[in-house]
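> Next input, structure requested:
(2 chains)
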Amino acid sequence: MILRRPFFWIVAIVILLFAVAPTIGNNVELRESLLLAAVYITLASNLNMMLGYAGYVNFGSIVFFGLGGYFCVYFMSALNWALVPAILAGGVAVSTLALCFGFGILRLRGVYFALATIGVNEAVMAFVTNFGPWGGATGIYLSTELFQPLGGPARALWTIYYVLVGVMGLSMYLSYFVKVSKFGLGLRAIGQNEDAAAVLGVPTPRYKALVYSLSAFLPAIAGGLYFFKGAYIQPPDAFDLQLSTEALVITMLGGQGTVMGPALGAYLYEELRGWLLTSATFSNFQLVIAGVLLLIIVLFAPGGLMGWLYGRWPRLRRWLE
Amino acid sequence: MTALLQIDGVSKQFGGLQAVQALSFTVGKHEILGLIGPNGAGKSTVFNLINGVFAPDGGRVRFRGADITGEPPHRVARHGLARTHQIVQPFMTMTVLENCTVGACFGRQNLPLARARETAREMAVLVGLEDRLEAPASKLTIAGKKRLELARALAAQPMLLLLDEVLAGLNPTEVEHMIGIIRAIRERGIAILIIEHLMQAIMSLSDRIVVLNSGRKLAEGLPAEVAVNPAVIEAYLGDPDLAAKLRSGPR
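Residues are numbered from 1 along each chain as shown, chains lettered A, B, ... in the order given. Predicted structure coming up:
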């Protein structure tokens, strides 16, 4: 049973810490930092299902986040929907689109697939930039009126934060349940040797499209929350490949294919980023560090942090996932 | 008696090379059929045509009465047809048990995870990997990986097993062990189509033999008949009289 797994409780405690820590002394600065960490954890955990389980490098995973943001902001501003239906509908819409894209581009493998994912992101960005109803290149601005149903801007920011922490927790549990399921076993077989998996009966085209679609759902919801919070969205922010690359580094840093690795990597990366950002000399210096980190990981520690921990203390395998 | 597997005039061309040409044969229930031929005769291509890795250019493949011509490999597996690869293809970082569980999960019976694990364990034990269940596949020796390949295919609980040179690269003791395993598989009522270069082994294992040369069927029959067929000897040795000369000894 899941309740007997230490993993379940560790994640529950992490969620609780995220929820409680910033409320002590109404620490808004800490809340903003943790909010970004929650976004990173959501992005990395979902990316990990593609990268770590199925072995497909998705360079353009940010397209889910951006499209989710657009759907949500559009539903709220143009159709006057409430936040919760808007983010849910955004998630479903993006997952459905991903399923369609998935059946197309998942015929490709390796480098070609990775390139195609960048192509999907760029194509969607080009489309949105020229799409009138979504504001084209200027994007969509939300009226602050929309924060009123949530008790005004100050209260709304807290609500958004709590929902995002929930999405983060769901991402980790989803990642776990996929990993221990038959679906996950099939995905891992695909990740190791796709041809051999197919010969053993793993329905590879369907599984790949399904995981691509599944890994789009929660990032789309996170995107909806994130851009609702910012009250405006425009194409370069929504489809920023930099964030895609960061999600990859985070997943590799924490340990691809493990459930907790991406979360651990995301938290550490966000701390590092916050620390480097405050330095006046190096704005965006975290990208340089990220690049170097990625090189070091790929060359010397392909298992990431979790791989290193397991190598050091093999018994941890019984406690962590 | 209807055949389990029926190959009917199957052809496959790669560019200018006619790899398999109008090939027909059948495998009966509980039968072990040996497929032999010189290097490049098209034996592995025949396997790939049967299990859907390649679609044939012409001809039909029927399995248990159903036409499976051109179906993708994952569908063919569901019909109850499993295979091993000449070059072993284990899931390297997954454990022996996990490797076999994949076979059981997605094979003929499409088992749920818990029951698949039981079947997987049973098959790993059958091939003698009971001590290595939790070891990653990458840690196995070549002989171990070959046995894993076999266990994984068996875990799918197939009606027909295609074995592509499972004895190649094994030392004589390991070959003995593997032959024992193949006999045990047959005892379970599973039909086997086997490609093998070790003549002694395939002649003693097979009920019937089909000989391929340059993509065509050269001969078919009982092992004893095929072994003395002049056309077969010529294909292997280049000279139909060589066998007679060898048998009569040096002058």
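> Okay, helices next: where are they in the stretch 101-250 of chain A?
A:110-129, A:152-180, A:182-192, A:194-199, A:204-230, A:235-238, A:241-254 (DSSP state H, counting those that start in this stretch).
> Same list (the ones you listed) but as JSON lines, adding mean neighbour count and distance to A:Arg4.
Where you see a C-beta, it was placed from the backbone N, CA and C, and this is true even at glycine. As requested, the helices of the stretch 101-250 of chain A are exported to JSON lines (neighbours: other CB atoms under 10 Å in any protein chain shown; distance: least, CB to CB, whole Å):
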{"stretch": "helix A:110-129", "mean neighbour count": "17", "distance to A:Arg4": "38"}
{"stretch": "helix A:152-180", "mean neighbour count": "19", "distance to A:Arg4": "13"}
{"stretch": "helix A:182-192", "mean neighbour count": "23", "distance to A:Arg4": "19"}
{"stretch": "helix A:194-199", "mean neighbour count": "22", "distance to A:Arg4": "30"}
{"stretch": "helix A:204-230", "mean neighbour count": "24", "distance to A:Arg4": "25"}
{"stretch": "helix A:235-238", "mean neighbour count": "19", "distance to A:Arg4": "41"}
{"stretch": "helix A:241-254", "mean neighbour count": "23", "distance to A:Arg4": "24"}
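> Out of those helices, flag the one nearest B:Pro56.
helix A:194-199 (17.1 Å; CB to CB).
> now that closest one, how far from the chain's geometric center?
28 Å (CA atoms, centre = their mean, to the nearest Å).
> That one - what's its average pLDDT?
Throughout helix A:194-199, pLDDT has a mean value of 95.
> Give me the contact list for it.
If you take CB atoms under 8 Å, 6 or more residues apart in numbering or on different chains as the criterion, helix A:194-199 is touched by A:55, A:109, A:186, A:189-190, A:204, B:51, B:53, B:72-74, B:77, B:83, B:85, B:89-91, B:102.
> thinking again about what came up before, closest one to B:Ala135 among the helices of the stretch 101-250 of chain A?
helix A:182-192 (15.3 Å).
> ok, B:Gly58 - contacts?
B:Gly9, B:Val10, B:Ser11, B:Ala22.
> ok, now which ones touch B:Met92?
B:Met92 sits in contact with A:Gln192, A:Asn193, B:Pro136, B:Ala137, B:Ser138, where contact means CB under 8 Å, 6+ apart.
> and those, which two are the farthest apart?
A:Asn193 and B:Pro136 (13.7 Å).
> tell me the centre residue of the chain?
With no chain named, the answer covers chain A. By CA atoms, centre = their mean, the mean C-alpha position of chain A lies nearest to A:Leu43, the distance being 1.0 Å.
> hmm, I had chain B in mind actually
Central residue of chain B (CA atoms, centre = their mean): B:Leu163, at 2.0 Å.
> Surely that one touches B:Glu149?
No - applying CB atoms under 8 Å as the test, B:Leu163 and B:Glu149 come out as separate, 9.2 Å apart.
> and chain B, what are its domains?
B:1-77+B:160-167+B:191-251, B:81-158 (automatic domain parsing).
> Let's see the distance spanning the last one from one end to the other.
Same thing as domain B:81-158. By CA to CA, to the nearest Å, the extent of domain B:81-158 from end to end equals 5 Å.
> which one among the contacts of B:Gly58 gets closest to chain A?
Nearest to chain A out of the contacts of B:Gly58 is B:Val10 (CB to the nearest CB; 18.7 Å).
> does that closest one count as helix, strand or coil?
Following DSSP: H, G, I helix; E, B strand; the rest coil, B:Val10 is assigned to strand.
> leaving aside the residues next to it on the chain, what's closest to it?
Leaving aside its sequence neighbours, B:Val10 sits nearest to B:Gly59 (CB to CB, 6 or more residues apart in numbering or on different chains; 3.5 Å).
> Shouldn't that neighbour be within a strand?
Yes - read with three-state DSSP, B:Gly59 is one of the residues of a strand.
> Touching, it and B:Phe25? I think so.
No - under the criterion of CB under 8 Å, B:Gly59 makes no contact with B:Phe25, lying 11.4 Å away.
> Mutual contacts of the two, please.
B:Ile7.
> list the contacts for the nearest residue to A:Leu268 once chain neighbours are set aside?
Nearest non-adjacent residue to A:Leu268, counting by CB to CB, 6+ apart: A:Leu253, 7.0 Å away. A:Leu253 is in contact with A:Gly265, A:Leu268, A:Tyr269, A:Leu293, A:Leu294, A:Ile297, A:Gly304, A:Leu305, counting by CB under 8 Å, 6+ apart.
> Output those in JSON lines; the columns should cover secondary structure and neighbour count.
Shown next, in JSON lines, are the contacts of A:Leu253 (DSSP: H, G, I helix; E, B strand; the rest coil; neighbours: other CB atoms under 10 Å in any protein chain shown):
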{"residue": "A:Gly265", "secondary structure": "helix", "neighbour count": "30"}
{"residue": "A:Leu268", "secondary structure": "helix", "neighbour count": "17"}
{"residue": "A:Tyr269", "secondary structure": "helix", "neighbour count": "25"}
{"residue": "A:Leu293", "secondary structure": "helix", "neighbour count": "19"}
{"residue": "A:Leu294", "secondary structure": "helix", "neighbour count": "17"}
{"residue": "A:Ile297", "secondary structure": "helix", "neighbour count": "23"}
{"residue": "A:Gly304", "secondary structure": "helix", "neighbour count": "24"}
{"residue": "A:Leu305", "secondary structure": "helix", "neighbour count": "19"}
